[in-house]
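>>> This is the structure alone, sequence omitted:
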């Protein structure tokens, strides 16, 4: 597909009645937001990401996807930060259901990286494939069309090659793009991953890729896999973390962590949510709102009498152990997709790769020993 | 994993597990200074509602919120529900303010039940601390209703003071039966108390049951459950015959909200009743 067709693809998706959301330039960062024309895409933007560091520059390049993973993930579009899940009206000594499900937008998620595709697959496993189904998530999820993009430019905090969730898209998309940009040649390789994707292809002006195109794409993929900013040994993480609940590193990281919840908010797989109850002034209407929650808050583990995880140490341990250890026991997969956002956006510069390595690298191995009996 | 895309209008709504069913308070009684019991009947009489001993419901109070509360009634009388509740937070405080005829919302039943199947053919020892008797009461009803399926039935019950003893009239009835044993103790005696004074675990060595052929179900504060388990193990009850019921923060009760996690376990879905040997290490780790 020629570069010029990219705008056409966006048009076709919109003509199909879809709202297109993808990477846009906003607040000095690449965010996810509405895209109506290709000019909304952050063309020529290059990001630099390191622990607690995010810098965006325009380098004048014509590259459309010359940046690594955006600051935000697509999670808010399938799992909203805040949504009304119930509404009741008081009637006598009882109440009646007044909830009207808001219409679910038909979205096209545009420019989804492999890490974020893997994150969506993880949320699917949790919210759709267990004994219960999250209806709101299902409806949102099923009305999404996904245009993925193979990552050519991993960032400084990326480690998806280690978590085996990238940088190439292998499943979970309707269409996948590979940007080919070299020597004045600017084209996209476009492949369909579903019947719906194939249908969209029929509306585009396409030509067969040349052997050179395919070779270029292959080399670009290999290069991306080799240029991860970070590397993590994910072998035996569940045992490692479960065997080290009393490691001194937890105290060390707790002394740096602000409990600000940033890591959980930028994480594309964190799914914790709480419910807020509200009433109208006259007390006749009541609503229930679901909103994102974080295991870094005291409220998260509150039972009558107080929180279970009182210390910052216990809360950080919960987050890291869940993401890299117990998640596998719960859902058969790692809870981390290696997108590196938690490293970039931690104001204290805490790096999960380093924390894991610190525990793996020490000889200390401490489970709490029974304090009585 | 990959979902086909469909227009939103074609996505048929299906029953939402987050929506409560309406139940009406049919009976209300105050048990102790800080506990009360409600009998509930479904507003829609066609509402099927079956549950097993040890399961819990999310109880919704209009405009206030939801709380997970164990079912403490007789499963044979479903869909009638009985909940004994201690007043500890905003939801339970508001719930205490309701009376007969008021409605509340019920989502459930949720969670894994007490092992009434595993216990069949065994002596059944119930160790309850405080409000922990409420989630165990359905087991008592079940065993008494199927008496020949089980060996000895022993209830060991401890509360803080005599005034905190739940279900006093029923306890007296159970105590008068020849096919079960009831032992009660209090942490602190008050004038007029002539019974045991000590923690509930001190009842374990004297209770009449055959340790090797016993299934024990323990419910109470976590520290009490830990010591009760240790006492039962010392008596010789096999570790895989001990069960505990755990409590954690819950917002959804279906494994979506993340709050009830105890290491790998979702207490709402994998519990609240757990085989002790599965969660022993987790219970021994502080702040997990």
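Sure thing, it's come through. All of these numbers come straight from a predicted model, not from anything done at the bench.

>>> hmm, the lengthiest strand in chain B in reach of chain A?
In chain B, taking DSSP state E as the definition, the longest strand is strand B:21-32. Yes - using Cβ under 8 Å from any Cβ of the partner chain, strand B:21-32 reaches chain A at B:22, B:24. Any C-beta I mention is one placed from the backbone N, CA and C, and that applies to glycine too.

>>> Give the buried residues for that strand.
B:21, B:22, B:23, B:24, B:25, B:28, B:31, B:32 (16 or more other Cβ atoms under 10 Å in any protein chain shown).

>>> you'd agree the first one is up against residue B:107?
Yes - the pair residue B:21 and residue B:107 passes the contact test of Cβ atoms under 8 Å, sitting 7.2 Å apart.

>>> Endpoint to endpoint, stretch A:253-270 covers what distance?
Taking Cα to Cα, to the nearest Å, stretch A:253-270 runs 20 Å from one end to the other.

>>> Next: stretch B:214-228.
Using Cα to Cα, first and last residues of stretch B:214-228 are 14 Å apart.

>>> Figure out how far it is from the centre of its chain.
Centre-to-centre, stretch B:214-228 and its host chain are 12 Å apart (Cα atoms, centre = their mean, to the nearest Å).

>>> any idea of the mean pLDDT for that stretch?
The average pLDDT within stretch B:214-228 is 97.

>>> List the buried residues for that stretch?
Applying a neighbour-count criterion of 16+ other Cβ under 10 Å, one finds B:214, B:215, B:216, B:217, B:218, B:219, B:220, B:224, B:225, B:226, B:227, B:228 buried in stretch B:214-228.

>>> who's the first one bridged to?
Assessed by DSSP bridges, residue B:214 has beta-bridge partners residue B:123.

>>> Tell me how far it lies from residue B:179.
According to Cβ to Cβ, to the nearest Å, residue B:214 stands 16 Å off from residue B:179.

>>> all helices of chain B, in order?
Along chain B, counting by DSSP state H, helices occupy B:90-96, B:133-145, B:168-176, B:222-235, B:267-270, B:276-283.

>>> Need the pLDDT of residue 63.
Looking at chain A here, since you left the chain open. Residue A:63 is given a pLDDT of 94.

>>> Not quite, go with chain B.
pLDDT recorded at residue B:63 is 96.

>>> what's near enough to touch the residue nearest to the spatial centre of chain B?
The residue lying closest to the centre of chain B (Cα atoms, centre = their mean) is residue B:135, at 2.1 Å. Going by Cβ atoms under 8 Å, 6 or more residues apart in numbering or on different chains, residue B:135 touches B:53, B:54, B:56, B:70, B:71, B:72, B:219, B:245, B:272.

>>> cool, and residue A:90?
A:283, A:284, A:285, A:286, B:62, B:63.

>>> Mind giving me the ChimeraX select for those residues, buried ones only?
The ChimeraX command for the buried members of these (criterion: 16+ other Cβ under 10 Å) is given here:
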select /A:285,286 /B:62,63
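
>>> Skipping its backbone neighbours, what lies nearest the residue nearest to the centre of chain B in space?
residue B:70 (3.6 Å; Cβ to Cβ, 6 or more residues apart in numbering or on different chains).

>>> Distance check, that neighbour against chain A.
Between residue B:70 and chain A the distance is 14 Å, computed by Cβ to the nearest Cβ, to the nearest Å.

>>> ok, now residue B:201?
Separation of residue B:201 from chain A (Cβ to the nearest Cβ) stands at 10 Å.

>>> That residue touches residue B:231, doesn't it?
Yes - under the criterion of Cβ under 8 Å, residue B:201 makes contact with residue B:231 at 4.6 Å.

>>> Of the contacts of residue A:90, which belong to strands?
Going by DSSP E, the strands hold A:285, A:286 from the contacts of residue A:90.

>>> could the contacts of residue A:90 go into JSON lines alongside distance to residue A:93?
Formatted as JSON lines, these follow (distance: Cβ to Cβ, whole Å):
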{"residue": "A:283", "distance to residue A:93": "13"}
{"residue": "A:284", "distance to residue A:93": "13"}
{"residue": "A:285", "distance to residue A:93": "16"}
{"residue": "A:286", "distance to residue A:93": "14"}
{"residue": "B:62", "distance to residue A:93": "10"}
{"residue": "B:63", "distance to residue A:93": "13"}
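
>>> any idea which of the contacts of residue A:90 is the one closest to residue B:89?
Nearest to residue B:89 among the contacts of residue A:90 is residue B:63, at 14.8 Å by Cβ to Cβ.

>>> Bridging across strands, which residues link to the closest residue to residue B:103 other than its chain neighbours?
Spatially, and ignoring its direct neighbours in sequence, residue B:103 is nearest to residue A:94 (3.4 Å; Cβ to Cβ, 6+ apart). Counting by DSSP bridges, residue A:94 is bridged to residue A:91.

>>> what about residue A:94, how many residues close to it?
Residues near residue A:94, counting by other Cβ atoms under 10 Å in any protein chain shown, number 18.

>>> for chain A, which spans come out with low pLDDT?
A:364-373 (pLDDT under 70).

>>> re the thing from before, show me what contacts the residue nearest to residue B:135?
Per Cβ under 8 Å, 6+ apart, neighbours of residue B:70: B:54, B:55, B:56, B:83, B:134, B:135, B:245, B:272.

>>> Could you export these as JSON lines, including distance to residue B:76?
As requested, the contacts of residue B:70 are exported to JSON lines (distance: Cβ to Cβ, whole Å):
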{"residue": "B:54", "distance to residue B:76": "15"}
{"residue": "B:55", "distance to residue B:76": "14"}
{"residue": "B:56", "distance to residue B:76": "18"}
{"residue": "B:83", "distance to residue B:76": "17"}
{"residue": "B:134", "distance to residue B:76": "17"}
{"residue": "B:135", "distance to residue B:76": "17"}
{"residue": "B:245", "distance to residue B:76": "21"}
{"residue": "B:272", "distance to residue B:76": "21"}
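
>>> Tell me which stretches of chain A form strands.
Under the criterion DSSP E, chain A contains strands at A:19-26, A:29-34, A:45-50, A:53-58, A:82-91, A:94-97, A:107-112, A:144-149, A:175-182, A:185-192, A:273-279, A:285-292, A:302-303, A:306-307.

>>> Just give me the closest of the contacts of residue B:70 to chain A.
Of all those, chain A sits closest to residue B:272, with 11.9 Å by Cβ to the nearest Cβ.

>>> List the residues that contact the closest one.
Neighbouring residues of residue B:272 by Cβ under 8 Å, 6+ apart: B:54, B:56, B:70, B:111, B:112, B:135, B:245, B:246, B:247.

>>> same check, this time on residue B:111
Applying Cβ under 8 Å, 6+ apart to residue B:111 gives the contacts B:54, B:55, B:56, B:253, B:268, B:269, B:271, B:272, B:273.

>>> For it, grab phi and psi.
Main-chain torsions, residue B:111, degrees, to the nearest 10: phi 90, psi 170.

>>> dump the residue contacts of residue B:150.
B:119, B:120, B:121, B:122, B:123, B:124, B:143.

>>> Which parts of the chain belong to which domain?
All of this refers to chain A. Domains of chain A are assigned by automatic domain parsing as A:5-79+A:92-226, A:237-361.

>>> wait, I meant chain B there
B:21-110, B:123-245.

>>> That concludes my questions; thank you for your assistance.
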